[in-house]
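Peer 1: Here is my input; please provide its structure:
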Amino acid sequence: MKGSSFSYKLYHLFIYGVLAIFFFFASFLLLSWYKAGDQVYYIKFYEGVRELSYFEAYAYARGVIGASDPLSIFFLWFGSFLGFSKLTYISFWNCIFLLFIVKVIRIYKVDFFLYPFIFSNFYVLVLLTGAERLKFGVFFMVCSIVFSNWLKGFFFASALVSHFQTISLVPSAFVYSMYNNLVRLFFSGKLSFYLLRYFVFLIFVFLSLIIIFWDALFGKFSDYFKEDFDGYNFINILALLFCSVLVSSNWKRIACSLAPFFFLVFLFGDSRVNILAVLFVFFAFIKEKRLSHPLSIALLVYFSFKSIFLVYNIYIYGHGFV
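Peer 2: Presented below is the predicted three-dimensional model:
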């Protein structure tokens, strides 16, 4: 039995090693083409902070890449400070990010034939390329799924300070994970200790963020806020809601969980919200073991098809959005 267990672990170590090599070089190739758009400023920042302290780099980030998210700025500065080339360093983090996604889909026993569609998903490729800071936020969210106990809370909080945009995931994640407890509270007046503990933790995290990063958060809100309401912004989130209700094993839970995204689209428009809404829905499908549903597969195929044009634009124009 010990020999069999050792062989099993060795086999999986080999598989992860092969995947790591593939992910690294695929990312390296893709990023070697991505030189225009926002990457102009990210490259400027990465090269400009090599001789700076972290606190100097943090101040520099506001002017160069319009960022004030402390943890993602730290990771970018740290790679430059150590002397790694940006291509190599970001490809390394892309590799780690994708390996953790592999871990999640293995935990939830996703069908193997869906793997190519997951890793060629349009928004996964956006995280690997253009959304350089948001990647760290989503990465820590993924870590909070993989780990348990205090590490779950640690990685969850790390996600929020890696990129403030991940805060928009919190209301939906809270409703989804606490749905049964919330139903009992609103219809029976029963407050569970687990719900109370979760709520107190979120209040503590949010108050800490507001106290420490008020100027940065208010600045982000002002930058992203849309004064002119456009009803067309709701088309994508409505389509996502429609598909989610048909696929989910609990349509009331998924509908209630997606409701906060409608408010966020109203405030900020759909371009800033869609990526997190789509990733949230696909994780819900994975957790509910509904990713093999025909409509879910159709969504996966659609987002993989969109990736073709993204990669084409990166190769031809040097960035994904022309």
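
Peer 1: contacts and neighbour counts: CA atoms only from here.
Peer 2: Noted.

Peer 1: count of neighbours near Phe147?
Peer 2: For Phe147, the tally of surrounding residues (other CA atoms under 10 Å) stands at 13.

Peer 1: That one and Arg62, how far apart?
Peer 2: Phe147 is 32 Å from Arg62, where distance means CA to CA, to the nearest Å.

Peer 1: Worst mean pLDDT across the helices and strands of the protein, which element?
Peer 2: One helix or strand of the chain scores below all others by mean pLDDT, DSSP states H and E: helix 193-224, with a mean of 82.

Peer 1: Name the nearest residue to Leu258, ignoring sequence neighbours.
Peer 2: Excluding the flanking residues, the one nearest Leu258 by CA to CA, 6 or more residues apart in numbering is Ser172, at 6.0 Å.

Peer 1: what do you get for Phe23?
Peer 2: Excluding its sequence neighbours, the residue lying closest to Phe23 (CA to CA, 6+ apart) is Cys95, at 5.2 Å.

Peer 1: ok, now how distant is Leu52 from Asp38?
Peer 2: 22 Å.

Peer 1: so how far is the helix or strand containing Phe22 from its chain's centroid?
Peer 2: Assigned by DSSP states H and E, Phe22 belongs to helix 2-33. In terms of CA atoms, centre = their mean, to the nearest Å, the centre of helix 2-33 is found 22 Å from the chain centre.

Peer 1: pLDDT (mean, whole number) over that helix?
Peer 2: For helix 2-33, the mean pLDDT works out to 86.

Peer 1: mind listing what's buried in the helix or strand that it is followed by?
Peer 2: Next helix or strand after helix 2-33 toward the C-terminus (DSSP H and E): helix 39-48. Of the residues in helix 39-48, Gln39, Tyr41, Tyr42, Ile43, Phe45, Tyr46, Glu47, Gly48 count as buried by neighbour count, 16 or more other CA atoms under 10 Å.

Peer 1: So the fourth one is in contact with Lys86, correct?
Peer 2: Put plainly, it is Ile43. Yes. Using CA atoms under 8 Å, Ile43 is in contact with Lys86, at 7.5 Å.

Peer 1: distance of Ala57 from Phe45?
Peer 2: For Ala57 relative to Phe45 (CA to CA), the value is 8 Å.

Peer 1: same thing with Phe154?
Peer 2: Taken as CA to CA, the span from Phe154 to Phe45 is 28 Å.

Peer 1: ditto for Tyr8
Peer 2: For Tyr8, the distance to Phe45 - CA to CA - is 44 Å.

Peer 1: what do you get for Leu30?
Peer 2: Using CA to CA, Leu30 is found at 20 Å from Phe45.

Peer 1: Show me the contact partners of stretch 284-297.
Peer 2: Under the criterion CA atoms under 8 Å, 6 or more residues apart in numbering, residues Ile105, Tyr108, Lys109, Val110, Asp111, Leu114, Cys243, Val247, Ser248, Ser249, Phe282 lie in contact with stretch 284-297.

Peer 1: got the buried residues for that stretch?
Peer 2: Buried residues in stretch 284-297, defined by neighbour count with 16+ other CA under 10 Å: Ala284, Phe285, Ile286, Lys287, Lys289, Arg290, Leu291, Ser292, Ser296.

Peer 1: shouldn't Ser120 be in contact with Leu310?
Peer 2: No. Under the criterion of CA under 8 Å, Ser120 is not in contact with Leu310, lying 10.6 Å apart.

Peer 1: which intervals of this protein have sub-threshold pLDDT?
Peer 2: 1-4, 6, 223, 226-230 (pLDDT under 70).

Peer 1: element containing the residue most central in space within it?
Peer 2: Central residue of the chain (CA atoms, centre = their mean): Val138, 2.7 Å from the mean position. Using DSSP H and E, Val138 falls within helix 132-146.

Peer 1: Distance from the chain centre to that helix, please.
Peer 2: The answer for helix 132-146 is 5 Å, by CA atoms, centre = their mean.

Peer 1: Which residues outside it are in contact with it?
Peer 2: The set of residues external to helix 132-146 that reach it, using CA under 8 Å, 6+ apart, is 72-73, 97, 100-101, 103-104, 127-128, 151-156, 158-163, 165-166.

Peer 1: Count the residues that sit near Ile235.
Peer 2: By other CA under 10 Å, 11 other residues sit near Ile235.

Peer 1: Could I get the contacting residues of Leu264?
Peer 2: Ser168, Val273.

Peer 1: before we move on, which element is it in?
Peer 2: Using DSSP H and E, Leu264 sits within helix 251-268.

Peer 1: picking that back up, show me what the helix holding Phe22 packs onto, helices and strands only.
Peer 2: For helix 2-33, the elements it packs on are helix 86-107, helix 294-317, judged by 3 or more CA pairs under 8 Å, 6 or more residues apart in numbering; DSSP states H and E.

Peer 1: let's see it at 10 Å
Peer 2: In terms of contacts (3 or more CA pairs under 10 Å, 6 or more residues apart in numbering; DSSP states H and E), helix 2-33 is packed against helix 86-107, helix 122-128, helix 294-317.

Peer 1: Turn those into TSV, columns for distance to Ile235.
Peer 2: Converted to TSV, those look like this (distance: least, CA to CA, whole Å):
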stretch	distance to Ile235
helix 86-107	28
helix 122-128	18
helix 294-317	15
